[in-house]
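Undergrad: Curious how this folds, go ahead:
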Amino acid sequence: MTERAQRTILVTGVNGQVGFELRRSLQGLGRIVALDRAALDLADPAGIRACLQSLKPDVIVNPAAYTAVDQAESDGAAARAINVHAPAVLAEEAKRLDALLVHYSTDYVFDGAGTHAFREDDATDPQNAYGATKLEGEQAIAASGASHLVFRTSWVYGLRGRNFLLTMLKLARERDELRVVADQIGAPTWSATIAMLTASVIAQGVANEAGLADWAREKSGIYHLTAGGSTSWAGFADAIFADAQVERAPRVIPIPSSEYPTPARRPLNSRLDGAKLARVFGLVAPDWREALALCLASR
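TA: Numbers count the residues shown, from 1 in each chain. Next comes the predicted model:
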């Protein structure tokens, strides 16, 4: 990749939770080309190749994904198109361009057993179709030989799109009590936290004296990027109502997963260990409660 004063950074899925935040957080690092689904359909491999060959980006940031976890159980072809085939094509083109591919994955690549925080090198064993496709996407990227940073995250929320935070705020206006799962444990992670830490990592590469391409090859791999601490979905709901200062907060009734059956099996343990991110890049995500307070304050 030729070093230039003005690098081109391509961001996919700009209308999504993380994509929207990335468009803002990446400012100053290069020329940002932020594309929505109408401009770049990740279900169209030929379209992806044509787009990248035309733009010749130095960095490709791909937050776009098929995230309908339950629907993926019956719509595997669509999930694989976006979560497996699209990342594979992005990686192949990144390899040709000597560009850096930044991609996002999920805690769902693990089996959710135990109470420990999963590390990047722990054995994967997805328990649902969504997790399986995200793992295949990771593997396709690694097999391409492209310089890549895969950030696994969990329980993403924000002030746009569809997510647990917005659902709870809506239901708070409609119900007096809510039955919420309490035996699934993870770290609610604000979409802005993901975007800002991603921008901080890319900034290190841009500023590297040896050049972005060499830096990217050295740092390639999988990293866990989630907020600090952990809670249950019920605990998250209680925190939302407290921090949002809901006038008449509904009573949260903790229930086991068995009382809220879904087509896709959810992991009971979604904890991810962020020590590698801190060791390699010197970055530590804020505690989930701190980030939630910041998110709600920005409404």
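Undergrad: Please make it C-alpha for all contacts and neighbour counts, starting now.
TA: Noted.
Undergrad: Do a quick rundown of the helices in the stretch 1-150 of the chain.
TA: 17-25, 45-55, 76-80, 86-97, 129-144 (DSSP state H, counting those that start in this stretch).
Undergrad: May I see the buried residues of the first one?
TA: Same thing as helix 17-25. Neighbour counts over helix 17-25 (16 or more other Cα atoms under 10 Å) mark 17-23, 25 as buried.
Undergrad: And that helix, what does it pack against?
TA: strand 8-11, helix 191-207 (3 or more Cα pairs under 8 Å, 6 or more residues apart in numbering; DSSP states H and E).
Undergrad: Of these, which is nearest residue 174?
TA: When the helices and strands packed on helix 17-25 are compared by Cα to Cα, helix 191-207 sits nearest residue 174, at 25.8 Å.
Undergrad: for the closest one, packing partners?
TA: Against helix 191-207 (3+ Cα pairs under 8 Å, 6+ apart) you get helix 17-25, helix 212-219.
Undergrad: isn't residue 299 right up against residue 159?
TA: Yes. In this structure, residue 299 is within contact of residue 159 by Cα atoms under 8 Å, at 7.4 Å.
Undergrad: So between these two, which is more surrounded?
TA: residue 159 (16 against 7; other Cα atoms under 10 Å).
Undergrad: Which of the three states applies to that one?
TA: coil (DSSP: H, G, I helix; E, B strand; the rest coil).
Undergrad: The residue nearest to it when sequence neighbours are not counted: helix or strand, and which one exactly?
TA: Among residues not flanking residue 159 along the chain, residue 166 sits closest, at 6.8 Å (Cα to Cα, 6 or more residues apart in numbering). Using DSSP states H and E, residue 166 maps to helix 164-172.
Undergrad: gap between that helix and the chain center?
TA: Centroid separation between helix 164-172 and its chain, computed with Cα atoms, centre = their mean, to the nearest Å, is 20 Å.
Undergrad: Can you dump the C-alpha atoms of that helix in CSV for me?
TA: Taking C-alpha atoms only, helix 164-172 is exported to CSV below (Å, rounded to 0.1, in the frame of the first residue of the first chain):
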residue,chain,number,x,y,z
PHE,A,164,-32.0,-3.7,24.3
LEU,A,165,-31.5,-0.1,25.6
LEU,A,166,-34.1,1.3,23.3
THR,A,167,-36.5,-1.6,23.8
MET,A,168,-36.4,-1.1,27.6
LEU,A,169,-37.0,2.7,27.3
LYS,A,170,-40.0,2.0,25.1
LEU,A,171,-41.4,-0.7,27.4
ALA,A,172,-40.9,1.6,30.4
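Undergrad: Would you mind listing the buried residues in it?
TA: So for helix 164-172, counting by 16+ other Cα under 10 Å, buried means 164-166, 168-169, 172.
Undergrad: Switch the helices and strands packed on helix 17-25 over to TSV; also include mean pLDDT.
TA: Putting the helices and strands packed on helix 17-25 into TSV (pLDDT from 0 to 100) gives the following:
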stretch	mean pLDDT
strand 8-11	98
helix 191-207	97
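Undergrad: ok so, going back, gap between the residue nearest to residue 159 and residue 10?
TA: 28 Å (Cα to Cα, to the nearest Å).
Undergrad: Likewise for residue 127?
TA: For residue 127, the distance to residue 10 - Cα to Cα - is 32 Å.
Undergrad: So for the two, which residue has more residues nearby?
TA: More neighbours surround residue 10 than the other of residue 127 and residue 10, with 24 against 17 (other Cα under 10 Å).
Undergrad: Next, the contact list for that one, please.
TA: Going by Cα atoms under 8 Å, 6 or more residues apart in numbering, residue 10 touches 32-35, 57, 59-61.
Undergrad: before we move on, back to that, and the pLDDT for the residue nearest to residue 159?
TA: pLDDT, residue 166: 97.
Undergrad: cool, and residue 3?
TA: For residue 3, pLDDT reads 47.
Undergrad: Same check on residue 246?
TA: pLDDT recorded at residue 246 is 86.
Undergrad: I'd like the distance between the nearest residue to it once chain neighbours are set aside and residue 233.
TA: Leaving aside its chain neighbours, residue 246 sits nearest to residue 172 (7.5 Å; criterion: Cα to Cα, 6+ apart). Distance of residue 172 to residue 233, given as Cα to Cα: 15 Å.
Undergrad: now swap in residue 61 and tell me
TA: On the measure of Cα to Cα, residue 61 and residue 233 end up 29 Å apart.
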